[in-house]
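**Q** sequence first, then the predicted structure:
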Amino acid sequence: MKLEGRILLRSHIEDVWNFISEPTKVIECVPGVQDYSVAEGKRIIAKVKVSIGFIKGIFHAYSNVIEEDHENYKAKLRLNGSGAGSGFDALVEIKLGELGSETELAWMADVSISGPLGSLARPMLEGYVRKIVDQLFDCIKHKLAN
């Protein structure tokens, strides 16, 4: 499943980059996070409570920075995890662009889901993922504004 989106942040590009490049800041904005640790190389290990339709449970999730290009304000992350008899794997790309005093954050994700979660209707999954992404970016917007 391929997803993408854009969000406009009322912050300077360097401030946005510094925030999203810091795993401890971003993970605190992920909905459902119950516990996490950050390992060497900005690798995150987290327990995330998930509830999609009839599937509820704790997922053990991992993220790893594959590429981080500060000069061009872009990064690639690998996300994967499992729980409730299901698994997921995602490659996420993020790119920042300057728009005057604001910053546009563009993201693309290529996600594969297996198990009972993967058998849900695609519109339901896409809706859930978009809801999570919206909550994540609303939190980031709020934290950058303060």
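**A** It's in.

**Q** from here on, just use CA atoms for contacts and neighbour counts.
**A** Noted.

**Q** report the contact partners of the closest residue to His60 other than its chain neighbours.
**A** Of all residues not flanking His60 in the chain, Lys47 sits nearest, at 4.8 Å (C-alpha to C-alpha, 6 or more residues apart in numbering). Going by C-alpha atoms under 8 Å, 6 or more residues apart in numbering, Lys47 touches Val33, Gln34, Asp35, Tyr36, Ile58, Phe59, His60, Ala61.

**Q** got a winner among the residues you listed for most neighbours?
**A** If you count neighbours using other C-alpha atoms under 10 Å, the busiest of those is Phe59, which has 22 neighbours.

**Q** burial count for the nearest residue to that residue once chain neighbours are set aside?
**A** Nearest residue to Phe59, sequence neighbours excluded (C-alpha to C-alpha, 6+ apart): Gly83, at 4.2 Å. Counted with other C-alpha under 10 Å, residues neighbouring Gly83 total 20.

**Q** so Gly83 sits against Ser51, correct?
**A** No: when contacts are counted by C-alpha atoms under 8 Å, Gly83 is not listed as touching Ser51 (11.2 Å).

**Q** can you list residues touching both of those two?
**A** In terms of C-alpha under 8 Å, 6+ apart, Gly83 and Ser51 are both contacted by the residues Gly57.

**Q** one step back: for Leu9, see how far away the residue nearest to Phe59 is.
**A** 33 Å (C-alpha to C-alpha, to the nearest Å).

**Q** in terms of secondary structure, what does the longest helix seen in the chain contact?
**A** In the chain, with assignment by DSSP state H, the single longest helix is helix 122-145. In terms of contacts (3 or more C-alpha pairs under 8 Å, 6 or more residues apart in numbering; DSSP states H and E), helix 122-145 is packed against strand 2-9, helix 13-20.

**Q** thank you kindly, that will do.
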